[in-house]
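Asks: can't give you the sequence, but here's the structure:
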């Protein structure tokens, strides 16, 4: 499909098919047919995206271990902060919230039996401290 502009000059190959439009308007030539949308490689791109998402779901054992160690250290830091707060005589709700969050982070295993045993002990300590605070 060819659109003629204000000057009226359209295709130089088929001047007989194009009709000159009035001044200030445009005209679509009748001789040409419109083209449909071009085919895209949609299936190929969707399958590659699915593959990338599937690969992201596969977790490297070293990454899982690093995350477990980080969660354990975080829980110990929050327990330290709680201890200091108890010694000073003030327990803020933000620390309790962080302690609950740390307890949730410890529930995931690391794949290493020794590290999982240590994390289980830390989790038990966190749960005991949460129970103490909620009882008081």
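Replies: Good, I have the coordinates. The model shown is predicted, which means the values in this text are computed figures rather than measured ones.

Asks: buried residues in stretch 109-119, which are they?
Replies: By neighbour count on 16 or more other Cβ atoms under 10 Å, the buried set for stretch 109-119 is 110, 115, 116, 119. Every C-beta, even on glycine, is put in place using the N, C-alpha and C of the backbone.

Asks: which residues touch the helix or strand encompassing the last one?
Replies: Okay, so that is residue 119. Here residue 119 sits within helix 113-135, counting by DSSP states H and E. Defining contact as Cβ atoms under 8 Å, 6 or more residues apart in numbering, one finds that helix 113-135 is touched by 65, 68-69, 71-72, 75-76, 78-79, 82, 91, 96, 99-100, 102-103, 106-107, 109-110.

Asks: one step back: pipe the buried residues of stretch 109-119 into CSV and attach distance to residue 52 per row.
Replies: Listed next are those as CSV, based on distance: Cβ to Cβ, whole Å:
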residue, distance to residue 52
110, 26
115, 30
116, 30
119, 31
